[in-house]
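> After the sequence you'll find the predicted model.
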Amino acid sequence: MNKQTIRHLIEPEDFTIEELNEVVALGKKMYEAPEKYKEACKGKILATLFYEPSTRTRFSFETAMLRLGGSIIGFSDANTSSVSKGESIADTIRCMSAYADIAVMRHPKEGAPKLASHYASIPIINGGDGGHQHPTQTLTDLLTIKMYKDTIEGHNVAFCGDLKFGRTVHSLIRTLARYNTKKFILISPEELTLPDTLKRTLKEDFHVELQEARYIEDVISQIDILYMTRIQRERFFNEADYARLKDSYLLNQSKLSHAKKDMIVMHPLPRVNEIAYDVDDDPRGVYFKQAELGVYVRMALITKLLGVDVSC
Ligand code: CP
């Protein structure tokens, strides 16, 4: 691949709205008829470089590449690689560029996948960097909204939980603002509100109204899409703060009884205790379907970044 023309996906802004729509539409086609694409990436190799734990992102990427007829290599624990001997991201990625055709990297440090992209001669996908961005979760979320709500635009969206460190929230809220969403409801404890810089961007650059609430029950009747997130233990500096905030929210059937009949409940997962198990069987709880859809939108993304012709 020519280094000048390689595309990476480090944050959703790397793609135009037209490109996001293209990936979502292709993801939908792949979901409806996956067998059509079973040889699309034959001979290609995906590397999964996970410096931080993952279930959905890593396995859905691996499943995506296998369903496209490609192969996978990588690590799920950096300590099993030469990172444990002190190797830098730059050196790791230079070598991985010789072994794989495309790579997805998750890292606890914000900006690590971007740094990798500067040294790579293959497309790099950010699989989540610290509390910063998670662009492929956003693609998954967009496909889920499209499937359940028909359009990505025009819904009353609420985010609940850890809005301070939640990279899935940071990526999705900016993207929905780019889709012309004009109001968001933000439900969080005071200590975990959306970062001020992001709030400023939403208000000043996108002219978005932000309604802040402390409790789900105060706003649930207004919501079309409720995006739940967990309080993330790994982002806290001390255990006492986590212990104080970890049980801030619990969505259950009793609260859902006040919600619109066609509201959907999304969650990037993993769930800890913020959604009761009695919500799982409610048709409004779409979070497991959302995790499933992640495979197909990642199939679409891989073919786009590899420049594979999928016009079948
Ligand atoms: N949604 C998400 O990123 O899940 P994992 O941490 O399991 O990859």
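It's in.

> can you list the residues of the stretch 1-150 of the chain near the ligand?
If contact is defined as Cβ under 6 Å from any ligand atom, the residues of the stretch 1-150 of the chain in contact with the ligand are Ser54, Thr55, Arg56, Thr57, Gly128, Gln137. All C-beta atoms are positioned from the backbone trio N, CA, C, and that covers glycine.

> cutoff 8 Å now
By the criterion of Cβ under 8 Å from any ligand atom, the positions of the stretch 1-150 of the chain lying close to the ligand are 53-60, 106, 127-128, 134, 137, 140.

> For ChimeraX, write the select line for the buried members of the residues you listed.
When burial is assessed using 16 or more other Cβ atoms under 10 Å, the buried subset of these is captured in ChimeraX by this command:
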select :54,56,57,58,60,106,127,128,134,137,140
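
> three-state assignment of the closest residue to the ligand within the stretch 201-312 of the chain?
Nearest to the ligand in the stretch 201-312 of the chain, going by Cβ to the nearest ligand atom, is Pro268, at a distance of 3.7 Å. The three-state label given to Pro268 by DSSP: H, G, I helix; E, B strand; the rest coil is coil.

> measure it to Gly166 for me?
Relative to Gly166, Pro268 is positioned 8 Å away (Cβ to Cβ, to the nearest Å).

> Ok, Gly154 next?
23 Å.

> what do you get for Tyr277?
Tyr277 sits 22 Å away from Gly166, taking Cβ to Cβ as the criterion.

> More neighbours: those two, which one.
Neighbours around Tyr277 and Gly166, counted as other Cβ atoms under 10 Å, are more numerous at Gly166. The numbers are 26 against 11.

> That one: what's its closest spatial neighbour, skipping adjacent residues?
Residue nearest to Gly166 in three dimensions, not counting chain neighbours: Thr229, with 4.7 Å by Cβ to Cβ, 6 or more residues apart in numbering.

> The one you found: what's it in contact with?
Phe159, Cys160, Gly161, Asp162, Leu163, Gly166, Thr168, Val169, His267, Pro268, Glu274 (Cβ atoms under 8 Å, 6 or more residues apart in numbering).
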